[in-house]
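K.L.:
what's the 3D shape of this:
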Amino acid sequence: MSWTDERVEMLKKMWSDGQSASQIAKELGGVTRNAVIGKVHRLGLSNRTAGAAPVKPEPPKAAKPAAPKPAETKAAKPAPKTEAARPVTAAPETKSSMPARRQIIPAGQPLPPQPSANEISPEALAKVNEIEKKSKKISLMELTERTCKWPVGDPATPDFWFCGLPVQSGKPYCEAHVGVAFQPMSSRRDRKR
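P.N.:
Got it, this is the predicted structure:
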């Protein structure tokens, strides 16, 4: 199907009469609604002119409140949310197929305990400690694609910094931090047991 002068004129007339792109496509035949919309935009007709009936938005329907579940009680109220809060995934209490629950920790509060040092190989940990003594300690604004983006410290404190050493090819971190961040699947599997 090609847009002949006759079909373009018919499109312009129907569009100015306020017909929808679907109606125009059906009337013209051999063309889709999206093709009509594309042609309208290419012709610069996207603003409707005379004859177009203004569309009145429907008033929002009031949502019916859900009936309380029998297990719910009035004593169980959700904790109030603070304005400056950050979500953190809490560790599950038991092993199950349930996803980890998220808890809200207010900004400026200490984060929950991170993976312990015994989960990282002693060699990698020693290498990281040695590298962090030599790191450039740069700020977020100083990071580039060639600097290690490994964060050190608590972001809520002024002594937070990034490693800043040259990155390993194709990775966002230096060699030492790549050894910690990207561990082989077998060692991660062994750690969970």
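K.L.:
low-confidence bits of this protein, can you list those?
P.N.:
1, 48-121, 184-193 (pLDDT under 70).
K.L.:
host element of E27?
P.N.:
helix 21-28 (DSSP states H and E).
K.L.:
check which helices and strands that helix sits against.
P.N.:
Counting contacts by 3 or more C-beta pairs under 8 Å, 6 or more residues apart in numbering; DSSP states H and E, helix 21-28 is packed against helix 5-16, helix 33-43. Where you see a C-beta, it was placed from the backbone N, CA and C, and this is true even at glycine.
K.L.:
want to throw these into CSV with mean neighbour count and distance to Q23?
P.N.:
CSV is the format used below for the helices and strands packed on helix 21-28 (neighbours: other C-beta atoms under 10 Å; distance: least, C-beta to C-beta, whole Å):
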stretch, mean neighbour count, distance to Q23
helix 5-16, 14, 7
helix 33-43, 15, 9
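K.L.:
now distance to G153 too, for the ones you listed, in a markdown table please.
P.N.:
Output for the helices and strands packed on helix 21-28, formatted as a markdown table (distance: least, C-beta to C-beta, whole Å):
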| stretch | distance to G153 |
| --- | --- |
| helix 5-16 | 60 |
| helix 33-43 | 51 |
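K.L.:
please identify the buried residues of the helix holding E27?
P.N.:
Residues of helix 21-28 classed as buried: A21, I24, A25, L28 (neighbour count, 16 or more other C-beta atoms under 10 Å).
K.L.:
same thing with stretch 154-165?
P.N.:
Residues of stretch 154-165 classed as buried: W161, F162, C163, G164, L165 (neighbour count, 16+ other C-beta under 10 Å).
K.L.:
and which of those residues is nearest K39?
P.N.:
F162 (51.2 Å; C-beta to C-beta).
K.L.:
residues in contact with that closest one?
P.N.:
K137, I138, S139, L140, E142, L143, T147, C148, K149, W150, P151, V152 (C-beta atoms under 8 Å, 6 or more residues apart in numbering).
K.L.:
leaving out the residues flanking it, which one is nearest to the first one?
P.N.:
So that's K137. W161 (4.3 Å; C-beta to C-beta, 6 or more residues apart in numbering).
K.L.:
check contacts around that neighbour.
P.N.:
W161 is in contact with S135, K137, I138, S139, P151, V152, G153, counting by C-beta under 8 Å, 6+ apart.
K.L.:
the last one - how many residues pack around it?
P.N.:
Read that as G153. 12 (other C-beta atoms under 10 Å).
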